[in-house]
Each structure stands twice: as C-alpha cells, then as structure tokens.
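Visitor: Following is a predicted model, sequence given first.
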Amino acid sequence: MATISLEDVKKLKELTGVGLTDAKAALTEAAGNFDKALEAMRKKGLTRAEKKGEREARQGLVDSYVHSGRIGVVVEVNCETDFVARTDDFKNLVHDIAMHVAASAPEYVNLEDVPSETREAKKAEFTEKVITEGKPESMVPQIVEGMLRKHFAEKCLLDQPFIKNPDQTIGQLVKEHIAKLGENIIIRQMARIELGVTQ
C-alpha cells in the first residue's frame, strides 16, 4: 500500500477544488502517484466545470496591463459572485489573461465571435487553394474545415496556448479555474492597443 502524504492531499485539493476526502481517494487510486491523481481529478473537475458553464456570470473584474508603454490591454472577466471576484486566484487569472492578450494579440475571444463573412471569405480562399493543389474533390470540405479551424484557433483567445504554459490553452486555464473556484467564469470582452498600429 502506497503512503500518501498530507501535503499531497492538500496540494491536490487546492489545485482541483475538490474536498480532502476526494483528493485522498484519488491519490489512493493512483497508488500515491501525484501526477496521475491530478490528471484523474482534473478530468472529474473539468466535467463539473462544464456544468457550471451554464450558470450566469455577472460579477467579476475589469483589469488592464501595459507592456513597456507600447501595448495596452483591457479585459473584462466575469464570475458569479463578488466574493470569488475578490479572491487572489481570480485576480491572478484575470491579470494573466490581460498579459496573454498583450503578448499574443488575439482578434476574437472565441470562434463564435468570428463574423460569418470573415469565415466565409477565408473558406472560399482555402477551398480555391486546396482545389488548385489537386486534392481529391471528396476530401476538399474536410481539408478546408481543418485549415479554417487551425487558422482561427491562432486568432481566438480561448484556443491560444497560454504564454506561461504552452501545454495549456486559455480555454483550459479558464476551465481549471471554474473547477477550482466553483463558479462559472466567462471572458466577456477585451481590447488591445499597440503604439503606432491602427486597429
């Protein structure tokens, strides 16, 4: 039987937002392997996060970040209660998002924000390109869809790899905080200004 340290139990509880009993059970199940237990708990936690995603979020914070006096960002991130909005975890998340927007310059928060005419214009361009390359006609829609997904993932904040941890997208970072803080979290809007660059 693997020995399970109280530190690991507490750390797992903090990272996933579950109770001590659940954290201990996950470590026991993973034979004391912290990473394995964390992965298992994340899956459970993120499932809970999906359900929380349906709840209304009208509290939150507006935060700003200025980089070297050349790039300025303002973001609005919402949660469900003022209590969560005042926690350090939430404040840090909002600030990290603002910093990420400054570094990665996303054009949209998510895929739904992309105007249909922009998407259609890109689709026509990619379709023409794929046909010109001589790909089989039956494969064209599938290839174009993949190209569109990749193209807009680079421009949508939630799909971008987080600058502090490129193994995680901003969307996954938000879901992790939903599981940890127990409330729905939504990135409502963002604005980025760069010196000498007109939007």
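Guide: Yep, it's here.
Visitor: Can you tell me the closest non-neighbouring residue to the residue positioned nearest the centre of the chain?
Guide: The chain has residue 171 as the residue nearest its centroid, 1.6 Å off, counting by CA atoms, centre = their mean. Closest residue to residue 171 apart from its sequence neighbours, by CB to CB, 6 or more residues apart in numbering: residue 158 at 3.8 Å. C-betas here are computed from N, CA, C, even on glycine.
Visitor: thought that neighbour was touching residue 168?
Guide: No: counting by CB atoms under 8 Å, residue 158 stays clear of residue 168, with 11.6 Å between them.
Visitor: contacting residues for residue 69?
Guide: Taking CB atoms under 8 Å, 6 or more residues apart in numbering, we find residue 69 in contact with residue 195.
Visitor: for residue 161, same thing?
Guide: Applying CB under 8 Å, 6+ apart to residue 161 gives the contacts 167-169.
Visitor: So which of those residues is surrounded by the most neighbours?
Guide: residue 169 (18 neighbours; other CB atoms under 10 Å).
Visitor: separation between it and residue 77?
Guide: According to CB to CB, to the nearest Å, residue 169 and residue 77 sit 16 Å apart.
Visitor: all helices of this protein, in order?
Guide: 6-16, 20-29, 34-52, 82-85, 88-104, 116-132, 140-153, 170-181 (DSSP state H).
Visitor: Residue 62: which of those helices is closest?
Guide: helix 88-104 (8.3 Å; CB to CB).
Visitor: Can you get me the start-to-end distance on stretch 131-142?
Guide: Distance between the two ends of stretch 131-142: 12 Å, counting by CA to CA, to the nearest Å.
Visitor: Please enumerate residues in contact with that stretch?
Guide: Stretch 131-142 has contacts (CB under 8 Å, 6+ apart) with 127, 130, 143.
Visitor: Verify the contact between the last one and residue 130 for me.
Guide: Yes: with contacts defined as CB under 8 Å, residue 143 counts as touching residue 130 at a distance of 5.1 Å.
Visitor: More neighbours: these two, which one.
Guide: A count of neighbours by other CB under 10 Å puts residue 130 above the other of residue 143 and residue 130, at 20 against 17.
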